[in-house]
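> Quick one, structure for this:
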Amino acid sequence: MLDGTYFNAWCALVAYTGEHVVAWQFCDREKRASWAALLEMIPAPDIVIVDGNAAALTVIGELWPATRVQRCLFHLLHRVDEHLTRRPVLQAGRQLRSLARALPKVSSLDQAASWEASLAAWHGAWRAFLTERTYARAGLVRPSSVPVSAAWWYTHQRLRRAYFTLERVRKAGHLFTWLEQARPGEVLPRTTSPLEGGVNAGLKELFRLHRGIPKHRAPVAAAWYFRSLSVDTRPASELIRAEHYQAREDTIAGVEEVIGPELWGHGFSWEDGNGTQQGWAGRP
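Residues are numbered from 1 along each chain as shown. As a prediction, the model looks like this:
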């Protein structure tokens with residue numbers, strides 16, 4: 001499972017097997033260079049589950065050409081709802097949304113073939129409706145997505161987007177990979193929810209509890225968190241080698257001791273403003 005999550009002005013791209021974090025990559029945003037840096041660390045898997053990020057899909061095709069892709073059904077249905085809303089007005093929209101909501105109920109290859117046939121039947125029934133056009137004229141409100149220079153546009157744009165969202169994923173073969181690649185008796189994941197609701201949610205909780213972590217230290221805390229979920233869970237003391245001690249000694253030797261007043265300590269001082277304060281709004 002691959003996904004990106006944002007924290008403290010950083011983005012973390014995470015690879016997760018469902019049991020362990022395999023690798024992670026820090027970046028500013030999800031882009032091709034960032035995904036390439038992550039995927040180059042990992043041997044190509046048989047299957048990868050993604051939420052549909054275009055940069056991730058492009059890099060997967062380039063670096064892992066033999067890997068089968070499964071689109072996260074949760075994100076796919078959410079995308080359809082963005083176009084249709086949860087209560088479509090048009091009959092065509094209601095039928096298409098019902099068809100989309102039936103996707104999680106598909107549990108066999110026969111049902112998958114039946115679902116694909118239903119999508120094709122829906123398109124056949126509403127093909128002419130989808131191609132209806134609206135021509136620009138005085139006083140007609142132009143949709144914000146239509147260029148000013150356009151003389152016409154498709155009347156049912158949101159319905160078209162919802163349909164082609166499903167059709168493109170179906171045509172790419174990313175809908176039922178979890179069924180096609182499963183061995184007898186095996187149930188493969190079809191969403192990235194274990195990664196987003198488990199690993200990523202835990203990362204957000206870490207920074208919620210430690211709000212004071214500065215930006216430049218945030219990746220250190222995130223790396224510690226990811227490593228605690230990785231296969232290698234040895235304590236940090238076992239990872240320290242002789243060169244690490246030498247590097248620390250060289251660093252300490254190169255720093256001049258600064259003699260002056262103590263800036264931080266554990267002592268109690270009335271001068272620091274400790275103790276019971278009296279007065280309000282500056283009044284004694």
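
> Tell me where the model's unsure across the stretch 101-250 of the chain.
233, 235-236, 247-250 (pLDDT under 70).

> Apply 50 and report the result again.
Judged by pLDDT under 50, the stretch 101-250 of the chain has no weakly predicted residues.

> can you map out the helices along it?
Using DSSP state H, counting those that start in this stretch, the helices of the stretch 101-250 of the chain run over 109-130, 157-172, 177-180, 193-194, 201-209, 218-228, 242-253.

> What's the local residue count around the residue found closest to Arg101 once you drop the neighbours it is linked to in the chain?
Spatial nearest neighbour of Arg101, excluding adjacent residues (C-beta to C-beta, 6 or more residues apart in numbering): Leu77 at 6.8 Å. Backbone N, C-alpha and C define where each C-beta goes, glycine included. Using other C-beta atoms under 10 Å, Leu77 has 18 neighbouring residues.

> Tyr16: what's it in contact with?
Met1, Leu2, Asp3, Val22, Pro194, Leu195, Val199 (C-beta atoms under 8 Å, 6 or more residues apart in numbering).

> For Val48, give me its contacts.
By C-beta under 8 Å, 6+ apart, the neighbours of Val48 are Met1, Leu2, Ile60, Trp64, Thr67, Arg68, Val69, Gln70.

> cutoff 7 Å now
Shown in contact with Val48 (C-beta atoms under 7 Å, 6 or more residues apart in numbering): Leu2, Ile60, Trp64, Thr67, Val69.

> Next one: the second one from Gln91, what distance?
Think Ile60. Relative to Gln91, Ile60 is positioned 38 Å away (C-beta to C-beta, to the nearest Å).

> When the two are compared, which one has more neighbours?
Ile60 (21 against 10).

> Compare the contacts of Val48 and tell me which is most surrounded.
Counting by other C-beta under 10 Å, Leu2 has the largest number of neighbours within the contacts of Val48, with 28 neighbours.
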